[in-house]
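Enquirer: next input, structure requested:
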Amino acid sequence: MLLLLATVCCPVLAALGQPLPPILKLEQALATEGEPAMLRPPAPSEAWREMRLPDNWGVSRPGYQGVVWYRLRFTLNNAPPRIYAFMLGRHAATRYQVRINGQTVGGTVGYPDPRTRLVHPSLFYTVPYSLLRPGDNEVLVRVEGDARFNHGLTRVYFGPSETLFPMQRERQRHQVQVFVIAGFLAFFAGLFALWAWRASRNAPDPERAATGWFGLSALIIGLPAVLNVTVGFGEPGVVREAVLTLYTHAYAPPLAIALLRLSHLRPRRQVEWLFFLPLLACAVLPIAVGEGTQPGLTGAMFVVDSLLIFGAAATALASPALERGMKAGLVLGVLAVVGLGVHDLGLGRGWVDFDQPHLRGLVAPVLTLAAGMMLARAFRRSLARAAARREELEVMVAARTREIEAAQTELNQVARREAALEERARIMSDMHDGLGGSLVSVLSLAQSGRAEPREIEIRLHELLTELRLTVDSISLPEGDLVSVLASVRYRLREALELSGVELRWRLEELPLIADLTPRKLRDMQLFCMEALTNALRHARARTITVSAQVREAAVEIEFIDDGIGIATDTVAHGWGLPSLARRAAAIGAVLDIDSQSGRGTSVRLRLPLPAGTTCGGVPTAATPGS
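Expert: Numbering: from 1, shown residues only. Now for the predicted structure:
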């Protein structure tokens, strides 16, 4: 058992201790053309001719479509047993098949037009040590492609996998990861721009429209990277190539429109949609006509893209709406795109090393970056203008507010002066019509000598009470019946005490009545005073009950005495009752007097409440007809 382990492990340990062989760069090859249906290599007797890799068919075989076989040889002397590998610098053909010493070690399918691909990966195939021979080894590479797409074969590298793999990983970083990252950045920039477009409804129209079109363009640019369309979209064929071509060129129309909008130029909507017609052609023609249209269509679309982008850029540069810094950024972006285009043109014409990847995939991200920087600058400028305008409006609003407040203060002062004048006129009228006339009457009575001093004293006390009530009416709160009743009770307390009549109060919670003006409150005050004074003078009552309550959307105030009552034929004329009726009508209330001889008198005043009046937080019902 130990002998077996030693037999197996010793060669492996010995190989691990040996230095690694160098990486071989295979550039000398023999090549011959073959039929696409032929999967076996041509015989050595066929017309193999020498050539040097890389082989760009667009230069070495213009217009050729088919298969080319490449025969490469390398020598291994004392190579340690380990895993080896082949690497092709770039995937640059429709299909590959790699054989070593007659055994297939790898291949690819479905990669017609590299110009529609976002990424250009290198190809890496491991080779078991058992397939290698000491001395000469032969590599056969079958390449199927189309010279119109600049297909061909790059340099071939051979060496230990542990030394060749870092080289392949570095190529993948430059030829795949950079493009994928650029695509993802463009995709998320597009999402952010579309979000900003939707959120900025109050932004100026040129900047907002440019943001929306820019977001659409960036989203289209990044979508292939996110969906991995370039690697595994459907089966190889015309439909896939049409879709990939559409994805490759669909960014240009919205980006051109964004540049025009940013320049404060707004083409008609019908003209904007005309920008998208070439996209319809590049999607429909390959499917309708066939694969033969693809190379020419791709070239035509590059021309259309260039016309759209450079035309919009030239228009933007000529527009006075763009600042100098924005124009400088646009110029740098255009120059970068021109540089990328020159690189790819040189790659197709053989001026640039064929192992280099196409940089066409960076054109759209570079343009997007330039347009995004311009848009960000325009947005900052727009936000600054909006902030300045907002501050200006705030200053204007503050000034107008001060003017309105000053005007309101002046109006309030005028209203107070008018109210004071109106109150003064009311008091003067009351004193002239009421107190003045009563004083003249008392004076005449005293001068006639017919009145008793006691009667004159009583009349003077009544006039003094009325004067005090007039003074009280100046400070009565508007609409407050409770304050009216309280002032009357307070001013008549002395007369009630002298008369010996018991006064009973039954007041419920009363609402504030909005339409009880100071004039009506004064009439209510005089009404209550007259009702009580009449009862004290003429009723010979022992008890007077005053009640106030809300009933059926009206306030009822009732004065009830247990005196001698009023004869039926004197209710309408005696005891100052016409005066009570006049004051009730002035207030807008309904007066009801009920009296019978020997059974006392009831004076009821019913005051309807306006609609919407609340009592204790509860709305009262509207009085019909009120």
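Enquirer: just checking, Leu164 touches Met87?
Expert: Yes - contact criterion CB atoms under 8 Å: Leu164 and Met87 qualify, at 5.6 Å. Where C-beta positions appear, they are placed from N, C-alpha and C, glycine not excepted.
Enquirer: what touches both of those two?
Expert: Common contacts of Leu164 and Met87 (CB atoms under 8 Å, 6 or more residues apart in numbering): 124, 157-158.
Enquirer: tell me the most packed of those, by neighbour count.
Expert: Phe158 (24 neighbours; other CB atoms under 10 Å).
Enquirer: quick check: the residue nearest to the spatial centre of the chain vs Ala210, distance?
Expert: Centroid-nearest residue in the chain, with CA atoms, centre = their mean: Ala199, separated by 3.0 Å. Using CB to CB, to the nearest Å, we find Ala199 at a distance of 15 Å from Ala210.
Enquirer: then stretch 74-88 to PDB, C-alphas only?
Expert: Below are the C-alpha coordinates for stretch 74-88, written out as PDB (Å, rounded to 0.1, in the frame of the first residue of the first chain):
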ATOM      1  CA  PHE A  74       4.100  24.400 -30.000                       C
ATOM      2  CA  THR A  75       6.800  22.300 -28.300                       C
ATOM      3  CA  LEU A  76       6.800  20.900 -24.800                       C
ATOM      4  CA  ASN A  77      10.100  19.700 -23.400                       C
ATOM      5  CA  ASN A  78      10.100  18.300 -19.800                       C
ATOM      6  CA  ALA A  79       6.800  19.900 -19.000                       C
ATOM      7  CA  PRO A  80       5.700  19.000 -15.500                       C
ATOM      8  CA  PRO A  81       2.400  17.200 -15.100                       C
ATOM      9  CA  ARG A  82      -0.300  19.800 -14.200                       C
ATOM     10  CA  ILE A  83      -3.400  21.400 -15.700                       C
ATOM     11  CA  TYR A  84      -2.700  23.600 -18.700                       C
ATOM     12  CA  ALA A  85      -5.000  26.000 -20.500                       C
ATOM     13  CA  PHE A  86      -5.600  27.900 -23.800                       C
ATOM     14  CA  MET A  87      -6.800  31.500 -23.900                       C
ATOM     15  CA  LEU A  88      -8.100  33.500 -26.900                       C
END
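Enquirer: now it, how far from the centre of its chain.
Expert: Stretch 74-88 sits 62 Å away from the centroid of its parent chain (CA atoms, centre = their mean, to the nearest Å).
Enquirer: list the buried residues for it?
Expert: 74, 76, 79-80, 84-88 (16 or more other CB atoms under 10 Å).
Enquirer: kindly report the same for stretch 63-75.
Expert: So for stretch 63-75, counting by 16+ other CB under 10 Å, buried means 64-72, 74.
Enquirer: dump the residue contacts of Glu35.
Expert: 66-67.
Enquirer: got a markdown table for the buried residues of stretch 74-88, with pLDDT too?
Expert: Below are the buried residues of stretch 74-88 laid out as a markdown table (pLDDT from 0 to 100):
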| residue | pLDDT |
| --- | --- |
| Phe74 | 92 |
| Leu76 | 87 |
| Ala79 | 79 |
| Pro80 | 83 |
| Tyr84 | 92 |
| Ala85 | 93 |
| Phe86 | 90 |
| Met87 | 92 |
| Leu88 | 91 |
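Enquirer: most widely separated two among those?
Expert: The span of the buried residues of stretch 74-88, defined through CB to CB, is set by Pro80 and Leu88 at 24.2 Å.
Enquirer: can you tell me the SS state at Phe124?
Expert: strand (DSSP: H, G, I helix; E, B strand; the rest coil).
Enquirer: hmm, it is touching Met87, no?
Expert: Yes - with contact defined as CB under 8 Å, Phe124 reaches Met87; the gap is 5.1 Å.
Enquirer: any common contacting residues for the two?
Expert: 164, 168.
Enquirer: ok, residues contacting stretch 173-182?
Expert: 90, 118-122, 225, 357, 361-362, 365.
Enquirer: can you show me the strands along the stretch 451-600 of the chain?
Expert: 502-507, 543-550, 554-561, 590-595 (DSSP state E, counting those that start in this stretch).
Enquirer: who does the last one touch, helix- and strand-wise?
Expert: Contacting strand 590-595 under the criterion 3 or more CB pairs under 8 Å, 6 or more residues apart in numbering; DSSP states H and E are the following elements: helix 577-587, strand 601-608.
Enquirer: format the ones you listed as TSV; extra columns: mean pLDDT and distance to Leu185.
Expert: Shown next, in TSV, are the helices and strands packed on strand 590-595 (pLDDT from 0 to 100; distance: least, CB to CB, whole Å):
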stretch	mean pLDDT	distance to Leu185
helix 577-587	85	82
strand 601-608	90	77
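Enquirer: most tightly surrounded among the ones you listed?
Expert: Comparing the helices and strands packed on strand 590-595 on average neighbours per residue, with mean count of other CB atoms under 10 Å, the densest one is strand 601-608 at a mean of 21.
Enquirer: of all the strands of the stretch 451-600 of the chain, which lies closest to Val98?
Expert: strand 543-550 (104.7 Å).
Enquirer: now render the helices and strands packed on strand 590-595 as TSV, adding distance to Gly339.
Expert: Putting the helices and strands packed on strand 590-595 into TSV (distance: least, CB to CB, whole Å) gives the following:
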stretch	distance to Gly339
helix 577-587	96
strand 601-608	91
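Enquirer: of all the ones you listed, which one is nearest Tyr96?
Expert: Per CB to CB, nearest to Tyr96 of the helices and strands packed on strand 590-595: strand 601-608, 102.2 Å.
Enquirer: got the contact list for the closest one?
Expert: Under CB under 8 Å, 6+ apart, the answer for strand 601-608 is 513, 527, 531, 535, 539, 553-561, 563, 565-566, 580, 584, 587-595, 623, 626.
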